[in-house]
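Trainee: have a look; sequence and predicted model below, questions after that.
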Amino acid sequence: MRFTFRQLEYFVAAGQAGSIRQAAERIAVSQPSISAAIAHLERELGVQLFVRHHAQGLSPTPAGRRLLREARLLLDQAEGLHALAGEVSGQLRGRLGLGCFVTLAPMILPELVAAFTRATPGAEVDFFEADQARLVAALRQVEIDLALAYDLQLPEDVCFEPLAALPPHILLAEGHPLAERPLLTLGELAPLPLVLLDLPLSREYFLAMFMREGLEPTIAARSAQQEVLRTMVANGLGYTIANVRPRSGLALDGRRLVRVPLAGDHPPLHLGLARAESLQPSRLAGAFAEHCRQFISDSYIPGMEAPDFAQVGQARPDAAPLSTGSSGGG
């Protein structure tokens, strides 16, 4: 064999990402290393693996698509052999593919993963941050083992275990005329400029709140980046609705934000663990799931302030057992 597993890993990463640049960012290696690995495989296998599009990434050739499938299987088998060695020796080790909803990742992942790898030194965790739709696709394609996600329109073939409920709240700039209010209603907010989180399924969840009350929000700006939204709000460009509750009350530019509870019976988003129903969890995935159960609850969420349900007159939701096809408000 005149190629390495590392070269196959780079090949698969490029195929999954659709571009060498994104693959390099995802697996934290240089772009030339990935390009060199692909070129070497093409020479050794005697086939063209990708069509290169100028400034538009890569598309696998028909032969490339078949070899991608086989390369993924080969890498999975190699990883399984590594995990089996850990089982024989009685140690938990191996690589875990972990997805996380993009707005949660900066708060939850560092503390959660650091504690897990300290307790399980033989484990390696590969991060994959994306919106809800892309996380579901990655679970179905077995690109990741588990995902920290929301119960947003999950399909029947994805199992979801809720761990904590995050009710929606309003975020305003310090000094905003409504920032001192104990509660706010959507009726008061609808005429004001809204800075909307523009991610698939997330935007539908927020817009559905207004629709249920027969209201139409005044959308002034959109962004798919949570920190962009927070900084826009801190600069007085409008309010936003959020479920995440960072411990820091500052936007990235240092301006202060104020969180105000949202009155009314609005369904919370449930943060939890998702996995493909067809994939039997490995011992390592099972250990990480148990780690999450110990670290995440309604009373404690890594990197976040726990929600105060009593403040908005809501009952604290009970965690449901592992279920298939759970769905939330959006």
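Mentor: Thanks, I have it.

Trainee: now do the helix or strand encompassing residue 26, average pLDDT.
Mentor: Taking DSSP states H and E as the criterion, residue 26 maps to helix 20-27. The pLDDT scores in helix 20-27 average 85.

Trainee: for that helix, packing partners?
Mentor: helix 5-17, helix 31-45, strand 57-60 (3 or more Cβ pairs under 8 Å, 6 or more residues apart in numbering; DSSP states H and E). C-beta: built from backbone N, CA, C; applies to glycine.

Trainee: burial count for the spatially closest residue to residue 238 that is not a sequence neighbour?
Mentor: Residue nearest to residue 238 in three dimensions, not counting chain neighbours: residue 193, with 3.4 Å by Cβ to Cβ, 6 or more residues apart in numbering. By the criterion of other Cβ atoms under 10 Å, residue 193 has 17 neighbours.

Trainee: most packed of the helices and strands packed on helix 20-27?
Mentor: helix 5-17 (a mean of 20; mean count of other Cβ atoms under 10 Å).

Trainee: ok, residue 44 to residue 211 distance?
Mentor: Per Cβ to Cβ, to the nearest Å, residue 44 is found 56 Å from residue 211.

Trainee: and the closest residue to residue 247 other than its chain neighbours, how far from residue 166?
Mentor: If the residues on either side of it in the chain are set aside, residue 247 comes closest to residue 305, at 5.7 Å by Cβ to Cβ, 6+ apart. The spacing between residue 305 and residue 166, counted by Cβ to Cβ, is 10 Å.

Trainee: what of residue 43?
Mentor: Taking Cβ to Cβ, one finds residue 43 at 51 Å from residue 166.

Trainee: for the residue sitting furthest away from the middle of the chain, give its distance to residue 288.
Mentor: If you look at how far each residue of the chain sits from its centre, by Cα atoms, centre = their mean, the farthest one is residue 46, at 37.6 Å. As judged by Cβ to Cβ, residue 46 and residue 288 stand 40 Å apart.

Trainee: same check on residue 133?
Mentor: Residue 133 is 23 Å from residue 288, by Cβ to Cβ.

Trainee: okay, the two: which has more neighbours?
Mentor: Ranked by neighbour count (other Cβ under 10 Å), residue 133 and residue 288 place residue 288 first, with 24 against 14.

Trainee: what helix or strand is the more buried one on?
Mentor: helix 283-295.

Trainee: just checking, what packs against that helix?
Mentor: Using 3+ Cβ pairs under 8 Å, 6+ apart: helix 283-295 touches helix 62-89, strand 93-101, helix 105-119, strand 122-130, strand 146-150, strand 158-166, strand 269-276.

Trainee: most tightly packed of these?
Mentor: Most buried among the helices and strands packed on helix 283-295, given mean count of other Cβ under 10 Å as the contact rule, is strand 146-150, at a mean of 26.

Trainee: partner strands of that one, with direction?
Mentor: strand 93-101 (parallel), strand 269-276 (antiparallel) (DSSP bridges).

Trainee: between the first one and strand 122-130, how big is the angle?
Mentor: Between the direction of strand 93-101 and that of strand 122-130, the angle (axes from the mean of the first three to the mean of the last three Cα atoms, to 10 degrees) works out to 20 degrees.

Trainee: how distant is strand 93-101 from the center of its chain?
Mentor: 12 Å (Cα atoms, centre = their mean, to the nearest Å).

Trainee: look at the residue nearest to residue 247 and say how many residues are nearby.
Mentor: By the measure other Cβ under 10 Å, the count of residues near residue 305 is 15.

Trainee: quick one, helices of the stretch 151-300 of the chain?
Mentor: Here the stretch 151-300 of the chain has its helices, by DSSP state H, counting those that start in this stretch, at 186-189, 202-212, 226-234, 283-295.

Trainee: looking at those, which is nearest to residue 70?
Mentor: Closest approach to residue 70 among the helices of the stretch 151-300 of the chain (Cβ to Cβ): helix 283-295, 23.4 Å.
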